[in-house]
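Student: Sequence plus predicted model, see below.
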Amino acid sequence: MVRVLLTGFEPFGGSDVNVSMDVVNALTDAMVVEDPWSTLRASSQPISVEVERLVLSVDAAGSMAVANRISSGETWDAVLHLGVCGSCTVPRLETLAADRLAMRIPDNAGRHIESSTLSGHGDLPSTTPVKHWFQSWQTDAELSTDAGAYLCNETLYRSLEANLDRTMPILFLHLPRASVYPLEASLELVIQVIARMIHKPVLMVAGSLLLHERKFLVARRASHERHAGTWEFPGGKIESGETFQLAIVREIEEEFGWLIRAESSLGTWHHELPEVTISLDVLMCEFVGVPPSFIPTQRWTSHDCVQWHTYESSKDMDFTGSDHEVVERLKELDLID
């Protein structure tokens, strides 16, 4: 069974409520979580989750509670910290913990530090690939790189600091007050976040299939790019709300300055990266007007060469991800020599 640690805070600053504590207390200890990317993945199954719920004290001991357990060797499949943001109108997913502590008001133990660093070693990024979630997630939550400088930021920082030698997903979710954002909505959002933390994200990518005289066009990834030197069908990531057709036209124009027309899909292929599953949809495309020059220009940011190839001439090429499977499919369909 997958284990998740969920934390919230007790009330502070003269208040007698804290929505993060209310959500922690309202959530069940066990749940079955569906895969948010089930429709994009080749196969998936719901996951049974055991939730350990913990309300932290608003003081130094509370900020270190989870960090101390991580340092002692305890592990979970995901750690989700919750806190209240009094000035927020929508939830915020904190992707960065700042190396600073600045307490506008004393904590519940009377500690009042006006300005200090937490370690002196710099800010720490979240270990959860949140940026990949928003491509297919309809939510009012926002990404944030400012977790404040009070106990929320301190707690996230201490947990990430203790996790430096591990890859455990750790994330902080700031919730608006219940008077602004209903408790039921916060509870549902927390379940959605947990589901995304324990499933590998699926990133939708569009690739262009351009054919000429039974040859196909591929581009080589530039030396500064991930998978440098490999060949791929030119394309890129789908933006939120985009169709595959719109995405491939935009990506090709942005990268190469070419105008193309996108038609039907050849098919979808999947391959695994450490932090994400790539879902590649290859679309049949054609140039609008006269085919352009393939001489690299300063506009090209991700590739340094494009070439036409036959099946035979591509046999020894190093392809990116599952693009070699696309070539095999083209041969099966007798679209290339």
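Tutor: Thanks, I have the structure now.
Student: domain assignment for the protein?
Tutor: 2-198, 202-332 (automatic domain parsing).
Student: what's the span of the first one from first residue to last?
Tutor: Counting by CA to CA, to the nearest Å, you get 8 Å between the two ends of domain 2-198.
Student: Over to the shortest one?
Tutor: Across its full length, domain 202-332 reaches 27 Å end to end, with CA to CA as the criterion.
Student: And it, how far out from the chain middle?
Tutor: Offset of domain 202-332 from its chain centre (CA atoms, centre = their mean, to the nearest Å): 22 Å.
Student: for the record, mean pLDDT for it?
Tutor: Here domain 202-332 scores 94 as its mean pLDDT.
Student: Likewise for the longest one?
Tutor: Per-residue confidence for domain 2-198 averages out to 96 on the pLDDT scale.
Student: can you tell me the helix or strand for W308?
Tutor: strand 303-309 (DSSP states H and E).
Student: who touches that strand?
Tutor: 212-213, 215-223, 225, 234, 255-256, 294, 296, 317 (CB atoms under 8 Å, 6 or more residues apart in numbering). To be clear about C-beta, it is placed using only N, CA and C from the backbone, and glycine gets the same treatment.
Student: Output the contacting helices and strands for whichever helix or strand comes after it.
Tutor: Per DSSP H and E, the first helix or strand lying C-terminal to strand 303-309 is helix 323-332. Identification of packing neighbours for helix 323-332 by 3 or more CB pairs under 8 Å, 6 or more residues apart in numbering; DSSP states H and E yields strand 202-212, strand 215-221, strand 260-272, strand 277-287.
Student: try 10 Å
Tutor: Using 3 or more CB pairs under 10 Å, 6 or more residues apart in numbering; DSSP states H and E as the contact test, the elements touching helix 323-332 are strand 202-212, strand 215-221, strand 231-232, strand 260-272, strand 277-287.
Student: what about the helices in the chain?
Tutor: For the chain, helices defined by DSSP state H occupy the ranges 19-26, 60-71, 151-162, 183-198, 244-256, 323-332.
Student: ranking those by burial, who's on top?
Tutor: Per-stretch averages of neighbours, counted by mean count of other CB atoms under 10 Å, single out helix 151-162 among these, with a mean of 24.
Student: end-to-end on stretch 53-62?
Tutor: 14 Å.
Student: roughly how far out does it sit from the chain middle?
Tutor: 28 Å.
Student: mind starting the numbering at 59 from now?
Tutor: With 59 as the first residue, the last one maps to stretch 111-120.
Student: Go through it and flag the buried ones.
Tutor: R111, V113, L114, S115, V116, D117, A118, G120 (16 or more other CB atoms under 10 Å).
Student: Many thanks, we can stop here.
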